[in-house]
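In: structure of the sequence below:
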Amino acid sequence: MKGGDDMEKKGLSTVITSLIIILLVLVAIGIVWVTVRGIIDRGTGQVDIKSKCLEVDVRPTALGSCNATYCIATLNRKAGGVDVAGVKLIVSNTAAGTSNITSYPNNIVPLATLNILAGANTVVSPNKVEVVVYFKDAAGVDTLCDQKTSFSP
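Out: Next up is the predicted model:
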């Protein structure tokens, strides 16, 4: 009988070991899934904004009169696309290497031409204006598009 008891203990030990291994594998799968899901969710938000960026075409068409505090930049938006959260205007003097960034936090409707005051308080005789469109992400943070359009008189 003593030999039979050893066999039962050995069999029980194998079952417990197998259950522990299965439990560890399930925990590992859960950890990997949570990590991958977070990466996928973040990537989905970025893809959504990048696709919106491709639909929108806002271009500066003129850099008007400038004084010590601002310049008048004329923007034109082509037809199509979705509402934007705003645009960032970069007014610069390319020869001096100086620039200033101004935010215009409003939608620019399609087929619109707007005159916007662009800050130039640190730029003497600006000769270039660049426009970058931005959208708000799910957290309400400004997300800039990769495309930048420019105008030099």
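
In: quick one: the strands in the chain, in order.
Out: 58-66, 70-77, 86-93, 98-104, 113-119, 128-136, 142-144, 149-151 (DSSP state E).

In: so for Thr35, which of those strands sits nearest?
Out: strand 142-144 (23.1 Å; CB to CB). Where C-beta positions appear, they are placed from N, C-alpha and C, glycine not excepted.

In: could you list every helix and strand that the closest one packs against?
Out: strand 128-136 (3 or more CB pairs under 8 Å, 6 or more residues apart in numbering; DSSP states H and E).

In: related to what we said a few turns ago, with respect to Ile20, which of the strands of the chain lies nearest?
Out: Of all those, strand 142-144 sits nearest to Ile20, with 45.8 Å by CB to CB.

In: kindly export stretch 58-70 (C-alpha atoms) in CSV.
Out: Provided in CSV are the C-alpha atoms of stretch 58-70 (Å, rounded to 0.1, in the frame of the first residue of the first chain):
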residue,chain,number,x,y,z
VAL,A,58,-5.4,76.2,-45.5
ARG,A,59,-2.8,78.4,-47.2
PRO,A,60,-1.5,81.8,-46.5
THR,A,61,-2.0,84.0,-49.6
ALA,A,62,-0.6,87.3,-48.5
LEU,A,63,1.5,88.9,-45.8
GLY,A,64,0.0,92.4,-45.4
SER,A,65,1.1,95.5,-43.6
CYS,A,66,3.2,95.0,-40.5
ASN,A,67,4.0,97.2,-37.5
ALA,A,68,5.9,96.7,-34.2
THR,A,69,3.2,94.4,-32.8
TYR,A,70,1.5,92.5,-35.6
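
In: I appreciate the help and will end here.
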